[in-house]
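# Got a predicted structure here, sequence first:
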Amino acid sequence: MSESHFFASCARGLEYLLVDELTALGCKATAATAGVNVRGTQLDAQRALLWSRLASRVLWPIAEFACADEAALYAGALDTDWTLHLYARQTFAIDAHVSGEGISHGGFAALRLKDAMVDRYRQERGERPDVDTAAPDVRFNLVVRKGRAVVSIDLGGAMHRRGWRGEQGTAPLKETLAAAVLSRGRWPRIHGDGGGLFDPMCGSGTLLIEGALMAADVAPGLQRHGEALPTAWPGFDAAAWQALRNEAAQRAQAGLAALRAVFHGRDIDAAAIRNARANAMDAGVADAIDFAVADVRDGFQAPEANGLVVSNPPYDVRLATGSDLYAALGNALKRTVPAWSASLLCGDEALARATGLRGRKLYTLYNGALECALLVCERIAPEASAEARELNEGAQMVANRLRKTLKQARTWREREGITCWRAYDADIPEYAAAIDVYTDADNDERWLHVQEYAAPADIPEALARRRLGDLLTAAREVFGLPRERVALKTRRIGKGGSKYGQFDQRGEHLVVREGQARLRVNLYDYLDTGLFLDHRPLRARIHAEARDKRFLNLFGYTGVATLQAALGDASATTTVDLSATYLGWLADNLRENGIAGAAHQLVQADALEWLRRERGQFDLIFCDPPTFSNSKRAQDFDIQREHVELLRLAMARLAPGGVLYFSNNSRRFKLDTEAVSEFAEVEDITASTIPPDFARNPRIHRAWRLRPR
């Protein structure tokens, strides 16, 4: 089978779990908003349809065309041969999702697509298929975004349906979300270690049944469609599906036979317990789950030494609950299963905190349209030795400074939506380090990036280590973070300035947000993270000025300025950098934001050499060269020596009325104003490009705005 691109949708907050799941299934997956872009064959898509516990739908694209408005939608659809995708006597339905100004209503878009499909079918065959929105033979999916329309086949419908649910309570939990709660709680690993699974407020049993099926290696799509095909689309490979299903049936039979009875459900509502037992029977796991009527306040006598507590306690106006129930839950768990882990889907962060449990992580997930907080605890009641120790005098001094800075900067950060910022920069000279805060865009979890500055030669190494330890202790205390969410590096100044050395090789990326942009940062593997925080205002300026402009980014690094220009509706972008690693990073950033196409060019080249050859014109240029570079692939570069030629070549590429922004972070740099004034009007804009969190260090960079004479 040939490879193609397809899309697996999911609830918001599950994107990166879904990437990991599909990667484990052999797909090449990258996260998007409310889903994952996948490169693979139709067999890969069918395998995802059968085995994914987290995906909501698997969409196989069959047509794509320009779609500025409803007329373009109709014309593009009329140009597609729908007889390849639908038989005349079949029924169909269309789900439509639109964004932008051209078409503003999904229902209208679905209607126009339907009209074009029917008209084209009549032209080809003289007859037409019928619409059936309830139970169609083939379900189509239409997405209109950024002037493009994509029509896909929905290969299996709503995948949260596993095929076993008969009875449900007042506020049912989707099985896909239940799988996420279990995955975040590391249930597969705990089960492998012999642990049990306990839900003290189990309702209709969704979490326990999903956990049992996960432990038994039962494919979540095995019961969904019975013996029937998941779709009647003519292009569906029925033979491949049957082979996959036969293999899954064999695995399920073996897994269910070996399933241990380590599942325990309790609920105060006897009717809910009856429903849960009936659902477990239909799912084939009733013998493995112990259900009983009980109040959460009664606690639980665990037969297993270790395990995971999962629960979806009541919340929202549907179930009218308050923090008292959450506090009772937390107290009962600490009293009866203190050594177990927990993964609790709470109504919001306040209710999660009301449990009194100290979470390893707090994730934002969505139960339908409801925003929820998933509290994950490594151990319900931490051992006494794990409690924080009292800060010594040095650590307390750093902690006080951090708290003061956070309090003073809170209003500014909240007003401007700043989620990544510098919290400390050697404010106390003896504690010489920079502390940057990075906030996960998907769950609001904070991480710290600590860069230790090299101590003066007359400072004993033991004293420098002790001071660094005090600083790290203070930072973790103030931000309430475990050690694993603090990345530490030592920045040593070499000849010509800081060097881009490689440290760890974890390959771990965190997605953060700057304005509209989602950005991948790496806190461990390199000296810098992929995001220069001090250039935030200059990138905001580029974003604001980029509309309909041709943008050029010289020495592009990970291309955050390019991303801001693209999100600012630049007509085209070109990014030049000598490093394939950084260009690959930029490509990931573009995909993270759904930006693709020939309008966005990535060029691996020495910037000076490229400028000497280039003859194109640009309306907006950003040039942020390093202080010094001695790459093996290009001649040595020194910003002081090369800047006049660099600026002359860059200005030659400006279209009439264009603007060049030039910056660098060399503290010894002096602009040759006399030479530059021969070909440019120059304005020093440094002061307006230093953000408040770097105000204590106004020499962090210099910046100029240049226009042609």
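Looks like it came in fine. Numbering: from 1, shown residues only.

# helices and strands of the protein: which one bottoms out on pLDDT?
Ranking every helix and strand in the chain by mean pLDDT, DSSP states H and E puts helix 316-319 at the bottom, with a mean of 44.

# Tell me which residues of whichever helix or strand comes after that helix come out buried.
Sequence-wise, the next helix or strand downstream of helix 316-319 (DSSP states H and E) is helix 323-336. Using 16 or more other Cβ atoms under 10 Å as the test for burial, helix 323-336 gives Leu325, Tyr326, Ala328, Leu329, Gly330, Asn331, Ala332, Leu333, Lys334, Thr336. To be clear about C-beta, it is placed using only N, CA and C from the backbone, and glycine gets the same treatment.

# Could you do stretch 261-279 as well?
If you call a residue buried by 16+ other Cβ under 10 Å, then stretch 261-279 has these buried ones: 262-267, 269, 272-273, 275-279.

# Same question for stretch 229-248.
Pro230, Thr231, Ala232, Trp233, Phe236, Asp237, Trp241, Leu244, Arg245, Ala248.

# any idea how this structure splits into domains?
Taking automatic domain parsing as the domain assignment, the ranges for the chain are 4-154, 175-216+259-385, 388-491, 532-708.

# Redo the ones you listed as CSV? Include distance to Asn522.
Output for the domains of the chain, formatted as CSV (distance: least, Cβ to Cβ, whole Å):
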stretch, distance to Asn522
domain 4-154, 15
domain 175-216+259-385, 19
domain 388-491, 9
domain 532-708, 8
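
# Looking at those domains, which is nearest to Arg520?
domain 532-708 (5.4 Å; Cβ to Cβ).

# Mind checking the pLDDT average for that closest one?
On average, the pLDDT along domain 532-708 is 94.

# Same check on stretch 88-106?
Per-residue scores along stretch 88-106 average to 91.

# Endpoint to endpoint, it covers what distance?
End-to-end span of stretch 88-106 (Cα to Cα, to the nearest Å): 25 Å.

# Also stretch 437-449?
With Cα to Cα as the measure, stretch 437-449 spans 6 Å from end to end.

# What are the buried residues along that stretch?
Buried, per 16+ other Cβ under 10 Å, within stretch 437-449: Val437, Tyr438, Thr439, Asp440, Ala441, Asp442, Asn443, Glu445, Trp447, Leu448, His449.

# okay, those in CSV with pLDDT next?
Output for the buried residues of stretch 437-449, formatted as CSV (pLDDT from 0 to 100):
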residue, pLDDT
Val437, 97
Tyr438, 97
Thr439, 93
Asp440, 90
Ala441, 87
Asp442, 80
Asn443, 73
Glu445, 83
Trp447, 94
Leu448, 96
His449, 96
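
# Sort out for me which of the buried residues of stretch 261-279 are in strands.
Counted as lying in strands by DSSP state E, out of those, are Phe263, His264, Gly265, Arg266, Asp267.

# quick one: which of the residues you listed is nearest Lys489?
Lowest distance from Lys489 to these (Cβ to Cβ) belongs to Phe263, with 44.7 Å.

# Quick check, the closest one in contact with Ile289.
Yes - using Cβ atoms under 8 Å, Phe263 is in contact with Ile289, at 4.1 Å.

# list residues touching both of those two?
Taking Cβ atoms under 8 Å, 6 or more residues apart in numbering as the contact rule, the neighbours common to Phe263 and Ile289 are Leu208, Ala212.

# picking up where we left off before, looking at the buried residues of stretch 229-248, which are in helices?
Judged by DSSP state H, the buried residues of stretch 229-248 include Trp241, Leu244, Arg245, Ala248 as members of helices.

# From what I see, the first one and Gln46 are in contact.
Yes - between Trp241 and Gln46 a contact is recorded at 5.4 Å, counting by Cβ under 8 Å.

# Tell me if I'm right that Gly235 and Tyr87 touch.
No - the criterion here is Cβ under 8 Å, and Gly235 misses it with Tyr87 at 11.5 Å.

# what do these two both touch?
With contacts defined as Cβ under 8 Å, 6+ apart, no residue is shared by Gly235 and Tyr87.

# The buried residues of stretch 437-449 into TSV, with extra columns for secondary structure and distance to Pro220?
Listed next are these as TSV, based on DSSP: H, G, I helix; E, B strand; the rest coil; distance: Cβ to Cβ, whole Å:
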residue	secondary structure	distance to Pro220
Val437	strand	38
Tyr438	strand	34
Thr439	strand	32
Asp440	coil	27
Ala441	coil	28
Asp442	coil	23
Asn443	coil	24
Glu445	coil	27
Trp447	strand	32
Leu448	strand	38
His449	strand	38
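
# Tell me which other helices or strands the host helix or strand of Gln408 touches.
Gln408 belongs to helix 393-416 when assigned by DSSP H and E. Helix 393-416 is packed against strand 421-425, helix 461-479, with contacts defined by 3 or more Cβ pairs under 8 Å, 6 or more residues apart in numbering; DSSP states H and E.

# If we use 10 Å, what do you get?
Packing partners of helix 393-416 (3 or more Cβ pairs under 10 Å, 6 or more residues apart in numbering; DSSP states H and E): strand 421-425, strand 433-439, helix 461-479, helix 536-545.

# Indicate which one of those is closest to Glu21.
With Cβ to Cβ as the measure, strand 433-439 is the member of these nearest Glu21 (24.6 Å).

# got the angle for the closest one vs strand 421-425?
Computed by axes from the mean of the first three to the mean of the last three Cα atoms, to 10 degrees, the angle separating strand 433-439 from strand 421-425 equals 160 degrees.

# in its sheet, what does strand 433-439 sit against?
Sheet pairing for strand 433-439, assigned by DSSP bridges, gives strand 421-425 (antiparallel), strand 446-453 (antiparallel).

# okay if I get the ones you listed as JSON lines plus distance to Ala55?
Output for the strands paired with strand 433-439, formatted as JSON lines (distance: least, Cβ to Cβ, whole Å):
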{"stretch": "strand 421-425", "distance to Ala55": "35"}
{"stretch": "strand 446-453", "distance to Ala55": "28"}
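
# Out of those strands, flag the one nearest Val38.
Closest to Val38 of these is strand 446-453 (Cβ to Cβ; 27.5 Å).

# still on that earlier bit, between the ones in strands among the buried residues of stretch 261-279, which sits nearest Val521?
Phe263 (39.4 Å).

# contacting residues around the closest one?
For Phe263, the contacting residues are 191, 196-199, 202, 205, 207-209, 211-212, 215, 280, 285, 287-291, 307, by Cβ atoms under 10 Å, 6 or more residues apart in numbering.

# separation between it and Val644?
Distance of Phe263 to Val644, computed by Cβ to Cβ, to the nearest Å: 73 Å.

# same thing with Ala45?
From Ala45 to Val644 the distance is 55 Å (Cβ to Cβ).

# So for these two, which residue has more residues nearby?
Ala45 (25 against 16; other Cβ atoms under 10 Å).

# just checking, the more buried one is part of a helix?
Yes - counting by DSSP: H, G, I helix; E, B strand; the rest coil, Ala45 is part of a helix.

# before we move on, back to that, wait, which of the strands paired with strand 433-439 is closest to Arg653?
Closest among the strands paired with strand 433-439, using Cβ to Cβ: strand 421-425, at 33.3 Å.
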